[in-house]
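> Provided below for reference: sequence and predicted model.
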Amino acid sequence: MTGTSLSPRNETFLQVIQSYYQLTKPRIIPLLLITTAAAMWLAGNGQVDPLNVFITLLGGTLAAASAQTLNCIYDKDIDYEMQRTRKRPIPSGRVQPQHALLFAIALAVLSFTLMAWFVNVLSALLALSGIFVYMLVYTHWLKRHSTQNIVIGGAAGAIPALVGWSAVTGELSWTAWFLFAIVFFWTPPHFWALAMMICDDYAEVNVPMLPVIKGLKNTAEQVFAYTLFVVPLSFGLIYPLGESGWIYGIFSAVLGAFFIAKAWDLRQAPEDKMKARSMFKYSILYMMLLCTGIVFDSLPFTRQIIALVTDTITQI
Ligand code: HEM
Ligand SMILES: CC(C)=CCC/C(C)=C/CC/C(C)=C/COP(=O)(O)OP(=O)(O)O
């Protein structure tokens, strides 16, 4: 059975709100916002306008929610088939696709208007481009057709970092693209670890996720290769870019060491679902704390402490 919904039923107002909230896949949004915020603090050298941050994060939330809702509409057939996604609002019949579409359009318009009005047009356009890349490039063109779907489609998830940078500076510098690259190359270890856990689901609906087509061993090797690439890459904010200092360096080194260790563990036992789960969970913690490191390192207070410590050491 494809594209089928269970029949709609009577729901209270609160349940309707809850259904629309679930359409936005809300659990993913906070980490997207954390990457946006990290870019903002880095761009502002640790000093940001709270209103600018608030509107940018609100606009980013609305854009991501719109993108996820559109994805729920497009993927309603496979979401119905998969155990994991069957209870989502559209396949379970709680929200009609045409209502979801109106909701998604309203979210996108609201996001664009807010950002263009209160932040700047570049940030508004970037957020809008995130919706297009996720919908057209990932969901429509690649998800059901290529094992590289999340590698190329991962660009959508890296756009929030560009949004954050441009919201502060009104332009995109090398550093903005570098942050984009960190999230971009982090995405394969993040997603493929998860895909290794749930590859039977994807196989059932013929979605060619890497572990479905190439197997668990090959996927674990690729997860390891991307992890080995992204960890040294993360130091690029210190050298050659000179945007972050050694406090960030400590975050990057410690988090990176664990990331590589987890990826190695998985490579040694690709069939072990618990190891895949652990890698997936850690990938989220890694990105969260790496962004925290970027923000912490950028703060004027931290910079003063670093200057003080450096002065003391050079005087000894
Ligand atoms: C194309 C790129 C990506 C794909 C295909 C992908 C895919 C997924 C999938 C399928 C899940 C499980 C969701 C569920 O069970 O409903 C997930 C979880 C998650 N993703 Fe990603 N992801 C991508 C990029 C990102 C990015 C860029 C971020 C943030 C920077 C992110 C953050 C998260 C978080 C925080 C969760 C856990 C949500 C929870 O608590 O269950 N993802 N991802
Ligand atoms: C700036 C902006 C608006 C960016 C949007 C970025 C965005 C929404 C990224 C989300 C990536 C993600 C969690 C994909 C889920 O894959 P899936 O949909 O294939 O997962 P599923 O198998 O659970 O349906």
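Received, thanks. Residues are numbered from 1 along each chain as shown. Ligands and ions are numbered 1, 2, ... in the order given.

> Is there a neighbour count for whichever residue of the chain sits closest to ligand 1? I'd like the number.
Using Cβ to the nearest ligand atom, residue 157 is the residue of the chain that sits closest to ligand 1, at 2.5 Å. Heads up, the C-betas are built off the backbone N, CA and C, glycines and all. Neighbours of residue 157 under the rule other Cβ atoms under 10 Å: 26.

> what do you get for the one 10 residues further on?
Residue 167 sits with 31 neighbouring residues when counted by other Cβ under 10 Å.

> what about it, helix or strand, and which?
helix 149-169 (DSSP states H and E).

> do the same with residue 103
Per DSSP H and E, residue 103 falls inside helix 97-118.

> Over to residue 171?
With DSSP H and E as the test, residue 171 turns up in no helix or strand.

> Could you do residue 192 as well?
Going by DSSP H and E, residue 192 is in helix 174-197.

> Buried residues, that helix. List them.
175-176, 178-197 (16 or more other Cβ atoms under 10 Å).

> just checking, what packs against the next helix or strand after that helix?
Sequence order places helix 199-204 as the next helix or strand after helix 174-197, per DSSP H and E. Contacts defined by 3 or more Cβ pairs under 8 Å, 6 or more residues apart in numbering; DSSP states H and E place helix 199-204 against helix 210-234.

> and if we set it to 10 Å?
Packed against helix 199-204 by the contact rule (3 or more Cβ pairs under 10 Å, 6 or more residues apart in numbering; DSSP states H and E) you find helix 76-81, helix 174-197, helix 210-234.

> Please report how far the closest residue to ligand 2 within the stretch 1-150 of the chain lies from residue 61.
With distances taken as Cβ to the nearest ligand atom, the stretch 1-150 of the chain approaches ligand 2 most closely at residue 130, which sits 2.3 Å away. According to Cβ to Cβ, to the nearest Å, residue 130 and residue 61 sit 12 Å apart.

> who's more crowded, those two?
residue 130 (25 against 21).

> Report the contact partners of residue 284.
Counting by Cβ atoms under 10 Å, 6 or more residues apart in numbering, residue 284 makes contact with 27, 28, 30, 31, 34, 190, 194.

> what's downstream of the helix or strand harbouring the fifth one, the next helix or strand?
Counting by DSSP H and E, the element that carries residue 34 is helix 29-43. As assigned by DSSP H and E, the chain's next helix or strand after helix 29-43 is helix 50-74.

> So which bits of that following helix are buried?
Applying 16+ other Cβ under 10 Å to helix 50-74 flags 52-53, 55-74 as buried.

> got it, and stretch 21-36?
22, 23, 24, 25, 29, 31, 32, 33, 34, 35, 36.

> Return the residues of the chain in contact with ligand 2.
Residues of the chain lying near ligand 2 by Cβ under 6 Å from any ligand atom: 28, 32, 63-64, 67-68, 71, 75, 85, 127, 130-131, 134, 143, 156-157, 159-160, 163.
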